[in-house]
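Participant: give me the fold of what follows.
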Amino acid sequence: MIVEIRGRKINFREGQRSSEIKNLIYIHGSGGNGEIWRCQLDSVGGYAIDLPGHGESDDLEIKSVEDYADVVAEAVMALGIEKAIFAGHSLGGAIVQMLYFRHPEIVDKLILVGTGARLRVHPKILNGLKQEFEATADMLVEWMFSKRFENKKVRQEVREEIIKCGSEITLRDFVCCDNFDLLEDYKDGRIKVDVPVLLLVGTDDIMTPPKYSEFFRQVIPQSKMVVVEGAGHMIMVEKPREVSDAIKEFVG
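Facilitator: Numbering: from 1, shown residues only. This is a model prediction of the structure:
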């Protein structure tokens, strides 16, 4: 489904039409697109956005997580949804947090998947995306998945999506992540999340380890944490059934 904002087209991938869950919006991570949520779209329902410059969406001027959050808010309202449950993975999780703080009126609940209050990026990734894009894409895929995950086809699909996204947009995503930092604001109580939150993370996630989600569990009163055994950073495709079941239970 395509909506138009600011003279540009933003694409949403739809879940099964028979699903009762219509107000669930999934947001992908750096260098990806909404297709990464296909298992959840089919089993739970909702819509997965392609962020600007990703997948089937036109690009817009984006310089920060805040910019992404504002675009998502506009696109969701253009979709005709007044209040949504937002599920965000990695960069998407940063966007979900910023959505809550900038546009609380459209947020019902949050699902934070493999993300953190601060998302520092290894310089090797940032430099590599500028200088050796395809080799860095290979490295990213190696880091994203649990060593126990043996599905080479899925690994290759994720790599292809990064390559398709391109070095410029993928680098922009990771720079946005690197500049995202709400850690001290949470610690000092300057910001608070007062809606129900589901925290999902894999035991083998080396990019956003379980301790990141544990921090959220400690500072967000209405939070529930689910740790999925044997999953890495790409938890929604590594352990799709476990992720979908946890989301179903949370959204009711």
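Participant: so for residue 156, what's the pLDDT?
Facilitator: Predicted confidence (pLDDT) for residue 156: 96.
Participant: likewise for the one 4 residues further on?
Facilitator: With respect to pLDDT, residue 160 has a value of 97.
Participant: can you offset everything so residue one is 528?
Facilitator: Okay, residue one is now 528; in that scheme the one you just asked about reads as residue 687.
Participant: low-confidence ranges in this protein?
Facilitator: Scanning the chain for pLDDT under 70 picks out the ranges 544-547.
Participant: show me the strands in it, by range?
Facilitator: Applying DSSP state E to the chain gives strands spanning 529-532, 535-541, 551-554, 574-576, 611-616, 634-640, 724-729, 750-755.
Participant: let me have these in a markdown table, extended by mean neighbour count and distance to residue 659.
Facilitator: (Each C-beta comes from the backbone N, C-alpha and C, glycine too.) As requested, the strands of the chain are exported to a markdown table (neighbours: other Cβ atoms under 10 Å; distance: least, Cβ to Cβ, whole Å):
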| stretch | mean neighbour count | distance to residue 659 |
| --- | --- | --- |
| strand 529-532 | 15 | 35 |
| strand 535-541 | 19 | 30 |
| strand 551-554 | 27 | 28 |
| strand 574-576 | 26 | 29 |
| strand 611-616 | 27 | 25 |
| strand 634-640 | 25 | 28 |
| strand 724-729 | 26 | 27 |
| strand 750-755 | 18 | 32 |
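Participant: ok, so what distance separates residue 596 from residue 539?
Facilitator: Counting by Cβ to Cβ, to the nearest Å, the gap from residue 596 to residue 539 is 16 Å.
Participant: let me redo that: residue 633
Facilitator: Using Cβ to Cβ, residue 633 is found at 15 Å from residue 539.
Participant: pull the contacting residues for the closest residue to residue 586 other than its chain neighbours.
Facilitator: Spatially, and ignoring its direct neighbours in sequence, residue 586 is nearest to residue 580 (3.7 Å; Cβ to Cβ, 6 or more residues apart in numbering). Applying Cβ atoms under 8 Å, 6 or more residues apart in numbering to residue 580 gives the contacts 586, 587, 589, 692, 696, 699.
Participant: for burial, what's the neighbour tally of residue 548?
Facilitator: Residue 548 has 16 neighbours, counted by other Cβ atoms under 10 Å.
Participant: which residue packs closest to it, ignoring adjacent ones?
Facilitator: Residue 548 sits nearest to residue 572 (Cβ to Cβ, 6+ apart), 3.9 Å away.
Participant: that neighbour reaches residue 550, doesn't it?
Facilitator: No: Residue 572 is not in contact with residue 550 according to Cβ atoms under 8 Å; the separation is 9.5 Å.
Participant: which neighbours do those two share?
Facilitator: Shared contacts of residue 572 and residue 550 (Cβ under 8 Å, 6+ apart): none.
Participant: one step back: count of neighbours near the residue nearest to residue 548?
Facilitator: By other Cβ under 10 Å, neighbour count at residue 572 equals 21.
Participant: any idea how far residue 637 is from it?
Facilitator: Distance of residue 572 to residue 637, given as Cβ to Cβ: 17 Å.
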